[in-house]
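Peer 1: give me a model of this one.
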Amino acid sequence: MWCILYNLLEEKMRKELKALIVSRYGNQADFAAAAKERESRVSRVIRGREELTPERAERWAAALGCKMEDILESQG
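Peer 2: Numbers count the residues shown, from 1 in each chain. Next up, the predicted model:
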């Protein structure tokens, strides 16, 4: 049961990250360009297929205008 709840929570946080990206940039491609990241990596992180490293989280946070901790919290 805990595993199911954790997965739901993790999914919610990924959706919040995507919503933030879309609200600030309109789409993942424009965000990826601003964050100097490949669009495919942004997609993999949002889908939960790849972890976000602290170094990338720092770049993503700068591009989104928020703190790195906010990005890492959204990744679980």
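Peer 1: show me where the chain has helices.
Peer 2: 2-25, 28-34, 39-47, 54-64, 68-74 (DSSP state H).
Peer 1: adding mean neighbour count and mean pLDDT, write the ones you listed out as JSON lines.
Peer 2: The way it works is simple: take the backbone N, C-alpha and C, and place the C-beta from them, glycine included. Formatted as JSON lines, those follow (neighbours: other C-beta atoms under 10 Å; pLDDT from 0 to 100):
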{"stretch": "helix 2-25", "mean neighbour count": "13", "mean pLDDT": "76"}
{"stretch": "helix 28-34", "mean neighbour count": "17", "mean pLDDT": "97"}
{"stretch": "helix 39-47", "mean neighbour count": "16", "mean pLDDT": "94"}
{"stretch": "helix 54-64", "mean neighbour count": "17", "mean pLDDT": "88"}
{"stretch": "helix 68-74", "mean neighbour count": "17", "mean pLDDT": "67"}
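Peer 1: got the phi and psi for residue 65?
Peer 2: Backbone torsions of residue 65, given as degrees, to the nearest 10, read phi 70, psi 40.
Peer 1: what's the spacing between the residue most central in space within the chain and residue 49?
Peer 2: Compute the mean C-alpha point of the chain, and by C-alpha atoms, centre = their mean the closest residue is residue 17, 4.5 Å away. Applying C-beta to C-beta, to the nearest Å, the value for residue 17 to residue 49 is 14 Å.
Peer 1: repeat for residue 16
Peer 2: 17 Å.
Peer 1: now swap in residue 29 and tell me
Peer 2: For residue 29, the distance to residue 49 - C-beta to C-beta - is 18 Å.
Peer 1: does residue 46 really touch residue 17, like I thought?
Peer 2: Yes: at 6.2 Å, residue 46 counts as touching residue 17 under the criterion of C-beta atoms under 8 Å.
Peer 1: ok, residue 48 - contacts?
Peer 2: 10, 11, 14 (C-beta atoms under 8 Å, 6 or more residues apart in numbering).
Peer 1: want to try TSV for those residues, with distance to residue 68 as columns?
Peer 2: Shown next, in TSV, are the contacts of residue 48 (distance: C-beta to C-beta, whole Å):
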residue	distance to residue 68
10	19
11	22
14	17
